Each structure stands twice: as structure tokens, then as C-alpha cells.
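S.K.: Give me a model of this one.
(one chain, ligands or ions: 2)
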Amino acid sequence: MTQLTQTGIASLQLCFYGAGSMAEAIARGLINEKLLAAGQISMLNRHNQERLTELHTQYGVQTILQGSSNDAYIQQADIIFLAMKPKDAAEAVKAIKPLVSANQLVISVIAGLSIASIEQLLGASVPIVRAMPNTSSTIGLGATGISYSDRVTAQQRQLTEAIFQSVGITATVEEPLQSAITGVSGSGPAYVYYFMEAMMQAAGELGLEPGAAKELVVQTVLGAAQMVRETGEEPAELRRKVTSPNGTTQAAIEMMAEFRLTETIIKGMRRSAERAGELGAAIERSINE
Ligand SMILES: NC(=O)C1=CN([C@@H]2O[C@H](COP(=O)(O)OP(=O)(O)OC[C@H]3O[C@@H](n4cnc5c(N)ncnc54)[C@H](O)[C@@H]3O)[C@@H](O)[C@H]2O)C=CC1
Ligand SMILES: O=C(O)[C@@H]1CCC=N1
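M.R.: Ligands and ions are numbered 1, 2, ... in the order given. Predicted structure coming up:
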């Protein structure tokens with residue numbers, strides 16, 4: 001196995017343990033952004049050979065069905081990504097304990113799963129990164145919150161930053177803030193899609209064709225986000241510039257405020273963060289059962 005301390009990214013082997021949507025988003029992003037070649041990435045799953053064949057065909061990554069000869073891929077990986085659902089995490093991580101050593105780096109993207117729980121499952125000598133990315137990593141526009149265990153070296157931190165920065169922006173946070181990151185940017189893309197679905201539905205009800213409705217909504221959301229980024233102005237100020245006194249926007253916003261849109265969004269985000277804690281606690285219980 002390559003020593004992380006002596007190597008560049010070009011010679012690393014990454015293994016995604018759990019080959020679902022988030023693993024695909026990161027792997028695809030890394031390949032698209034040319035940080036890694038497809039041959040450096042392996043992906044394994046519990047079952048669903050069809051899914052693995054599809055990933056191999058689409059991206060050229062190495063794929064292995066769980067239960068066949070996947071041990072070597074885990075043992076030889078410099079970085080092991082834990083990317084299964086929280087409910088499967090305890091059992092899956094326990095199963096690889098004999099294959100993981102202290103000179104590998106384990107990066108978990110599992111919502112709620114604490115560094116302490118991973119250490120409990122794999123042993124305290126293994127360096128652990130807890131990350132909360134989002135699916136926009138697929139196109140290099142992800143946002144990832146990152147926390148480190150004490151065992152992670154400065155070089156491994158740099159490497160982790162390089163991986164996630166190649167697919168978007170990163171924020172290093174103390175571990176307790178990972179639930180907040182989950183509520184903000186981990187689940188965040190879904191809130192925006194939900195909002196877009198509602199805008200498209202309304203556009204249809206107002207008489208627009210579905211194709212036109214979608215194009216107009218996508219451009220509106222993209223343009224608004226880009227305006228915040230490029231002008232450096234606060235969203236509230238940009239909103240004020242759209243809102244003519246007693247005009248159409250004011251009428252719309254008053255209606256949305258009457259239905260407590262702000263409070264609804266805040267409640268939803270708080271609930272996501274709270275749910276991350278619940279998922280973590282459930283994993284802890286299953287480890288200690
Ligand atoms: N989807 C998202 O937007 C985000 C997901 N996450 C986290 O990423 C993790 C994965 O989420 P998704 O990719 O959405 O789920 P998913 O259901 O698409 O993928 C999970 C994969 O893990 C595999 N798996 C389950 N048990 C396994 C085992 N014992 N051995 C090997 N593979 C196993 C499943 O076959 C499945 O392909 C979750 O823990 C989630 O909290 C984090 C940030 C964002
Ligand atoms: O819904 C979930 O639990 C995962 C974590 C953040 C986004 N998706």
C-alpha cells in the first residue's frame with residue numbers, strides 16, 4: 001500500500017464502500033475534475049450487480065460485488081470512503097475492521113455517524129474524517145463540512161481538503177457542528193429542488209408549457225444564486241431591488257409571509273439537523289447492543 005505521507009494524489013487508491021448516490025456524486029466529480037483517474041477508484045456494494053456494472057460502464061471505475069473478492073480493494077486502498085445508509089453503517093463498518101489499518105485514512109459521509117462511533121468500530125488508531133458533502137459535488141459545485149479525528153495528520157488534512165475542494169467548497173468545523181452542516185448544505189439541495197418543483201407547478205397552473213416553465217425556473221434560480229455570489233450583495237438587498245413598492249413581488253412575498261415561509265424553512269432545517277443527531281444516536285445504540 002502507498003504511504004499517504006510519501007505520495008501525491010496521482011498515485012492514491014480510493015475505495016467507496018457503499019456505491020449509492022453520494023458515492024457516485026463524489027467519484028464522478030473527482031473524475032470530471034481530473035483530480036483522480038477512474039482506475040484509482042473502486043466501488044463496492046452489498047448487492048445489486050446491475051448498479052455496479054452501470055458505474056463501471058459509465059465512469060470506468062473498478063467495481064466489486066460485496067461478498068466476492070472485495071477484501072483486497074479495502075486493504076489496498078489509501079482512502080476508504082464509508083458511504084452506506086446510517087442504518088447499515090454499524091454492521092458494514094464492523095465487517096471491515098480486520099481489513100483496515102492505521103496507515104489508511106477513513107472518510108465517512110454518513111449522516112449522524114460520529115468519529116467516536118467509527119473509532120469504536122474500527123479501533124482508535126485509525127485516522128477518521130467525518131464529512132458532510134452534498135450531491136452537487138457531481139458537477140464540482142458541492143459544499144462539504146469536514147471534521148477530523150486527532151489521528152489525522154496535517155498531510156491527510158490537506159489531501160482531504162484537496163479531494164473535497166476538487167468537487168466544490170469546504171468548511172472545516174468542530175464535529176458538533178456537523179448536524180448543522182447537514183441541515184444547511186447536506187440536505188440543502190433538496191429544499192431548493194422542492195422550491196423549484198413548486199415554482200414549476202405554479203408556472204403550469206398559470207398557463208405555461210412544462211418545458212418553458214422548467215427553463216424559466218432553472219434560469220431564475222441559477223441567476224439569483226449567481227447574483228448573490230457575483231455582486232457580493234446580501235440576499236435581502238437583492239430582494240429589495242426586485243420588489244417595487246406596491247408591485248407584483250411585494251404582493252407575492254406578503255402572501256408567502258402570511259403562510260410563514262421563513263418559519264417553515266427554519267423549522268425544516270432545524271428538523272434535518274435534529275434528525276442527524278437521531279441517526280447518530282441510533283447507530284450508537286446498535287453498536288452497543
Ligand atoms: N444523498 C445525499 O445527498 C447525501 C448522503 N449522505 C450520506 O451518504 C450515505 C449514502 O447515502 P446515499 O448515497 O444517498 O444512499 P444510497 O442508498 O444511494 O447508497 C448506499 C449504498 O450503500 C450500499 N450498502 C449498504 N450496506 C452495505 C454494506 N454492508 N456493504 C457495502 N455496501 C452497502 C447500498 O447497496 C447502496 O448502494 C448516507 O449515510 C447519507 O447519510 C451525505 C450527504 C448527502
Ligand atoms: O437525507 C439524508 O439523510 C442524507 C443526508 C444529507 C442528505 N441526504
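S.K.: who's in contact with the top strand by length along the chain?
M.R.: Among the elements of the chain assigned as strand by DSSP state E, the one spanning the most residues is strand 142-148. Contacts of strand 142-148 with the rest of the structure, by Cβ atoms under 8 Å, 6 or more residues apart in numbering, involve 25-26, 29, 115, 127-137, 157, 160-161, 164, 167-175, 177-178, 181-182, 185-186, 188. (C-beta placed from N, C-alpha, C; glycine too.)
S.K.: Please flag which of those sit within strands.
M.R.: Among those, DSSP E puts Ile128, Val129, Arg130, Ala131, Met132, Gly168, Ile169, Thr170, Ala171, Thr172 in strands.
S.K.: tell me the helices in the stretch 1-150 of the chain, going along the chain?
M.R.: Ranges of helices within the stretch 1-150 of the chain are 21-32, 49-59, 71-76, 86-96, 115-122, based on DSSP state H, counting those that start in this stretch.
S.K.: mind putting these in TSV, mean pLDDT, distance to ligand 2 and mean neighbour count included?
M.R.: Putting those into TSV (pLDDT from 0 to 100; distance: least, Cβ to the nearest ligand atom, whole Å; neighbours: other Cβ atoms under 10 Å) gives the following:
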stretch	mean pLDDT	distance to ligand 2	mean neighbour count
helix 21-32	94	7	22
helix 49-59	94	18	15
helix 71-76	92	23	16
helix 86-96	96	7	18
helix 115-122	98	16	21
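S.K.: Nearest to ligand 2 among the ones in strands among the contacts of strand 142-148?
M.R.: Closest to ligand 2 out of these is Met132 (6.8 Å), distances taken as Cβ to the nearest ligand atom.
S.K.: What separation do you get for the closest one and Thr160?
M.R.: Using Cβ to Cβ, to the nearest Å, one gets 13 Å for the distance from Met132 to Thr160.
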